[in-house]
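J.: Next input, structure requested:
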Amino acid sequence: MVMAETGHRLSLTTPARQAPGGWRRIGDFVALTKPRPMSVVVFTALAGLLAPRSVPLDLTKGMLAMAAIALGGGGSAVLNMWFERDLDARMMRTAGRPIPAGRVTPTAALAFAVVLIAVALTLMFWVAGLVAMAMLAATILFYGVVYTMWLKRATALNVVVGGGLASILTPLTGWAAAVGTVGLEALALFVFLVPWTPPHVWSQALVRREDYANAQVPMMPVVAGSERTRTMIVAFTIAHAVLALLPFAMGIAGFAWLAAALIGGAVLVVEAVDLARRPDDAEMRRAAWRFYRHNSIYVAVLLTTLIAERIVVYSIH
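T.: Below is the predicted model:
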């Protein structure tokens, strides 16, 4: 989830520079939606949309529901950037973002977020009904308000509570858009995402520990230290590797999922243990980045496998 970086810090009192016009201004508003991490959100929601086996895929409804999820995810990202503009100005990797860099005013960003979220919820209600709209609203609320405005600054467990729950709400929103309800099958299928999120965030936080410390964000490596964080990464990685086997055990995922979960989970556990054993230096940081990248690949492969299995089922029937 790396955005634009600069080599300097901006003062919180730095006046906003005149925003550029034309395509660059449009690009700044697009950047506020965090396109790269939001593309992951959309992909996760797509897996949820295609996951139900008992419901035939309605292509038009599915495309409109995905558009609503993309707009809602983008709106919550803008809300995140609007609220965290003070933190972004103090962190080297985020000081070049549109708001702290002065290219978009906070008022304009907040208005943009409200419009995106309002359109997303209205579209989801029109396309898929009240339950799907409520799930999308819960996802936006949890990331944009509960995590961003409360947990991130309040506790080192921010990504355990906020990030973990927000990660499972996204595919459940896709599921609700397809089915109209959310049941045990959906929860069992995606519950592995809850313990997957903390190691994913903590591994990159190990590398950027000083940046988070300077911004006074209580990320786990800042509060608990590198060694304790890496021990927790091992524990959470084992948990999500085991939970990823649950869909096959319950008969709601096939052998392709089982193979991906077994191989990917084993690789990640080995890498997590290796990370925990590294000395707290540049070698550890390289291992943390490697784990972060492979963790991203792991979840992408699992969800791609799920989508592929469902496409095969749809083609047969």
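
J.: mind listing what's buried in stretch 279-293?
T.: 284-285, 287-288, 291-292 (16 or more other C-beta atoms under 10 Å). Yep, even glycine has a C-beta here, placed from its N, CA and C like the rest.

J.: and the nearest residue in space to residue 234 that is not next to it in sequence, backbone torsions?
T.: Excluding the flanking residues, the one nearest residue 234 by C-beta to C-beta, 6 or more residues apart in numbering is residue 272, at 4.6 Å. Torsion angles at residue 272 (phi, psi; degrees, to the nearest 10) stand at phi -70, psi -40.

J.: Where does pLDDT dip in this structure?
T.: 1-23, 54, 313-317 (pLDDT under 70).

J.: Quick one: list the elements packing against the lengthiest helix in it.
T.: Using DSSP state H to define each element, the chain has its longest helix at helix 282-316. Under the contact definition 3 or more C-beta pairs under 8 Å, 6 or more residues apart in numbering; DSSP states H and E, helix 282-316 sits against helix 35-50, helix 193-207, helix 226-243, helix 255-277.

J.: Take these and write them to a markdown table, including mean neighbour count.
T.: Putting those into a markdown table (neighbours: other C-beta atoms under 10 Å) gives the following:
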| stretch | mean neighbour count |
| --- | --- |
| helix 35-50 | 20 |
| helix 193-207 | 24 |
| helix 226-243 | 20 |
| helix 255-277 | 17 |
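
J.: could the ones you listed go into JSON lines alongside distance to residue 116?
T.: What follows is the helices and strands packed on helix 282-316, written out as JSON lines (distance: least, C-beta to C-beta, whole Å):
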{"stretch": "helix 35-50", "distance to residue 116": "11"}
{"stretch": "helix 193-207", "distance to residue 116": "23"}
{"stretch": "helix 226-243", "distance to residue 116": "30"}
{"stretch": "helix 255-277", "distance to residue 116": "33"}
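
J.: and of these, who's closest to residue 170?
T.: Nearest to residue 170, of all the helices and strands packed on helix 282-316, is helix 35-50, at 4.7 Å by C-beta to C-beta.

J.: if we look at that closest one, which residues are touching it?
T.: 1-3, 57, 62, 65-66, 69-70, 73-74, 77, 167, 170-175, 177-178, 186, 190, 193, 296, 300, 303, 306-307, 310-311 (C-beta atoms under 8 Å, 6 or more residues apart in numbering).

J.: can you tell me which of the buried residues of stretch 279-293 lies nearest to residue 129?
T.: Taking C-beta to C-beta as the measure, residue 129 lies nearest residue 292 of these, at 37.4 Å.

J.: any idea how far the nearest residue to the closest one once chain neighbours are set aside is from residue 221?
T.: Leaving aside its sequence neighbours, residue 292 sits nearest to residue 203 (C-beta to C-beta, 6+ apart; 4.2 Å). Shown here: residue 203 relative to residue 221, a distance of 10 Å by C-beta to C-beta, to the nearest Å.

J.: circling back: keep only those of the contacts of helix 35-50 that are in strands.
T.: Members of these lying in strands (criterion: DSSP state E): none.

J.: Buried subset of these, written for ChimeraX?
T.: A single ChimeraX command is used to select the members of those judged buried by 16+ other C-beta under 10 Å:
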select :3,62,65,66,69,70,73,74,77,167,170,171,172,173,174,175,177,178,186,190,193,303,306,307,310
